[in-house]
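# Provided below are the primary sequence and the corresponding predicted coordinates.
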Amino acid sequence: MRQKRRLAPLLAAAGLVATTVPLLSATQASAAPASDHLRQKPAWHRCSPEGPASYECATLKVPLDYRRPDGRTIDLAISRMKSENPAKRHGAMLLNPGGPGGSGLDLPLLMNDAMPKDVREQYDLIGFDPRGVGASSPLTCGLTDAEQNFDRAYRPETFGSDVTWARTVADKCREKAGSVLPHITTRNTARDMDTIRAVLGERKLSYVGYSYGTYLGAVYSQMFPDRTDRFVLDSGVDPQRIWRGMIQVWATEAEPAFARWTQWAAQRSAEYGLGDTPKAVSETFWGLVARADKEPIELDGMKVDGDMIRAARGVFFYPAQATPMVVALKAAAEGKPLPADVTGTQLKRLLGGAAAEPASDNGTAVFWAVACGDTGSWPRYTEQYERDAAKDKAKYPLYGDFASNIKPCAFWDRPAEAATPMNKKANVLTVQNEWDSQTPLVSGQGLHRALKGSRMVLAAGGEGHGVYLFDPTSCANAPVNAYLTTGRLPDRDVTCQNPPAAAERRDAAAPSKRLPFPSGPARF
């Protein structure tokens with residue numbers, strides 16, 4: 001497990017099949033005799049000699065297939081930091097960082113440092129690696145670094161190789177982990193969450209989930225509504241868009257972000273020299289893309305083509321970061337030295353070419369298992385992907401073809417059960433930045449609409465993926481803290497104005513603000 005990470009400054013991814021074997025509802029399950037996995041007691045121990053003694057870990061056994069609760073089991077790694085004020089303790093708070101495929105075992109350490117004392121005292125903070133992730137019976141498909149590459153631009157002459165890539169990923173996952181793969185889903189992870197609740201002896205569960213963790217929390221709230229306590233769903237996944245639509249929304253929402261960036265850069269034309277009107281800035285950018293397509297830009301041994309520049313679409317949600325990047329790429333293309341405030345390493349990181357070490361495929365394998373196994377709505381015909389990619393390349397030129405191009409889910413086995421309908425009232429708090437590159441505003445609004453009874457806190461002007469505790473100056477922190485302290489939702493939705501300087505302070509690490517979000521093919 002990685003050593004402790006700091007929460008804010010180091011933020012450096014519906015056609016439904018019928019359930020073939022009916023699963024117990026929450027009510028039916030509670031009426032049945034408790035299976036062994038619900039009777040176990042965690043054997044807590046110090047997580048590591050280097051960590052604080054208060055940071056404890058344990059491993060549970062959970063059913064691989066909840067339809068067979070006394071059958072094959074897998075490991076579920078959990079962690080905790082207990083409230084230091086039992087008199088004020090309200091209950092247990094489970095934490096999830098997103099993904100799918102993100103490790104959450106060290107989130108109690110992060111949240112312990114970042115939460116205000118009056119909030120922190122009310123909860124035992126509980127982290128866990130979701131099934132298949134990290135220390136929880138990790139999944140692998142044996143994918144190479146090249147096979148993990150998610151961003152594939154559509155071109156008619158290369159579409160055949162894209163199909164081969166997608167089929168290869170699906171085949172390798174099936175061959176390597178076929179007996180486990182169908183059970184690595186959001187619904188089963190929600191069942192694992194309820195197992196954690198049960199073995200901790202809690203009647204209800206509180207929760208803070210980021211990014212993909214919002215969908216996981218939403219699913220839990222629908223499967224176990226009577227056990228859902230204080231839930232904060234931060235940077236929302238729209239349940240109506242799982243999962244192809246959540247990738248495609250990156251393309252649709254990159255366009256207004258790009259337009260906002262051209263305005264920002266034009267207003268600072270004297271400093272950056274990209275053009276004195278938004279149209280001129282846009283022409284400079286697309287001229288650079290065309291130039292790089294014709295002759296790739298040399299950058300510290302890496303050849304940067306136009307597709308690589310377009311694939312960095314997330315940076316345009318951060319104008320103060322995107323502008324120096326484009327200036328530096330333009331300088332490199334013209335054979336000029338890079339500006340003093342931009343290094344080649346920074347540029348390569350923004351363009352996806354500066355991995356410190358070969359990446360494990362664990363996060364990628366879990367991502368595809370969940371994205372393909374949660375829903376049967378993925379198209380099954382390669383021709384549809386090709387049509388959509390060609391159409392969206394014209395309609396959303398920055399990223400449309402990447403988003404709609406073929407994915408491994410086209411060749412995945414059909415899901416074991418249908419996606420979760422959002423039809424139960426959920427008194428939860430959703431939180432959103434206005435300019436979020438990974439779960440854009442329309443996605444967060446979709447989550448809020450889907451969860452009847454929810455309230456939304458919107459940080460107007462807020463940039464970045466992740467809101468609560470990520471920026472200590474965010475206007476969203478106060479209403480979230482109030483909810484977690486009192487359990488009372490705001491009377492109505494809250495829109496607050498983020499301090500104008502907040503985005504400037506956050507821009508230094510902007511597009512790679514991953515923490516605690518995991519790296520992976522899609523990075524929800």
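Now that the structure is in, tell me what you want to look at. For clarity, every value in this text was computed on a predicted model and none was experimentally measured.

# can you give me the helices for the stretch 351-500 of the chain?
Along the stretch 351-500 of the chain, counting by DSSP state H, counting those that start in this stretch, helices occupy 362-373, 382-395, 400-404, 441-450, 477-486, 500-506.

# what are the ranges of the strands in this structure?
Counting by DSSP state E, the chain has these strands, from start to end: 45-46, 56-63, 73-81, 91-96, 123-128, 205-210, 228-234, 297-299, 302-304, 429-435, 455-463, 494-497.

# the shortest one packs against which elements?
Think strand 45-46. In terms of contacts (3 or more C-beta pairs under 8 Å, 6 or more residues apart in numbering; DSSP states H and E), strand 45-46 is packed against strand 56-63. Yep, even glycine has a C-beta here, placed from its N, CA and C like the rest.

# hang on, the earlier thing: which one of the strands of the chain lies closest to residue 149?
Minimum separation from residue 149 across these (C-beta to C-beta) falls at strand 302-304, 14.1 Å.

# packing partners of the closest one?
Using 3+ C-beta pairs under 8 Å, 6+ apart as the contact test, the elements touching strand 302-304 are strand 297-299.

# and the lengthiest helix in the chain, how far out from the chain middle?
Counting residues, the longest helix in the chain under DSSP state H turns out to be helix 244-267. Chain-centre distance of helix 244-267: 18 Å, with C-alpha atoms, centre = their mean, to the nearest Å.

# what angle separates it from helix 362-373?
Using axes from the mean of the first three to the mean of the last three C-alpha atoms, to 10 degrees, the inter-axis angle of helix 244-267 relative to helix 362-373 is 120 degrees.

# now do helix 244-267 and strand 429-435, the angle between them.
When the same axes, to 10 degrees is applied, the directions of helix 244-267 and strand 429-435 differ by 40 degrees.

# summarise which helices and strands helix 244-267 is packed against.
In this structure, helix 244-267 packs against helix 278-294, helix 319-333, helix 400-404, helix 441-450, with contacts taken as 3+ C-beta pairs under 8 Å, 6+ apart.

# so of those helices, which one's packed in deepest?
helix 400-404 (a mean of 26; mean count of other C-beta atoms under 10 Å).

# which residues are contacting that helix?
Helix 400-404 is contacted by residues 151-154, 247-252, 310-311, 313, 385, 388-394, 396 when judged by C-beta atoms under 8 Å, 6 or more residues apart in numbering.

# out of those residues, which are buried?
Burial by neighbour count, judged by 16 or more other C-beta atoms under 10 Å, picks out 151-154, 247-252, 310-311, 313, 385, 388-390, 392-393, 396 from those.

# where does the stretch 251-400 of the chain dip in pLDDT?
Applying pLDDT under 70 to the stretch 251-400 of the chain picks out residues 353-358.

# what does the chain give?
Low-confidence regions of the chain, defined here as pLDDT under 70, cover residues 1-34, 353-358, 501-523.

# got the domain ranges for it?
Listed by automatic domain parsing, the domain ranges of the chain are 26-139+185-243+423-502, 141-179+245-373+377-413.

# closest to residue 524 out of those?
domain 26-139+185-243+423-502 (4.1 Å).

# excluding chain neighbours, give the residue nearest to residue 289 in space.
Closest residue in space to residue 289, ignoring its immediate chain neighbours: residue 306 at 3.9 Å, by C-beta to C-beta, 6 or more residues apart in numbering.

# burial check on the one you found, number of neighbours?
18 (other C-beta atoms under 10 Å).

# also residue 81?
When neighbours are counted by other C-beta under 10 Å, residue 81 registers 22.

# same check on the one 5 residues further on?
As a burial measure, residue 86 scores 9 neighbours (other C-beta under 10 Å).

# got the contact list for it?
The contact partners of residue 86, by C-beta under 8 Å, 6+ apart, come to none.

# noted, bye for now.
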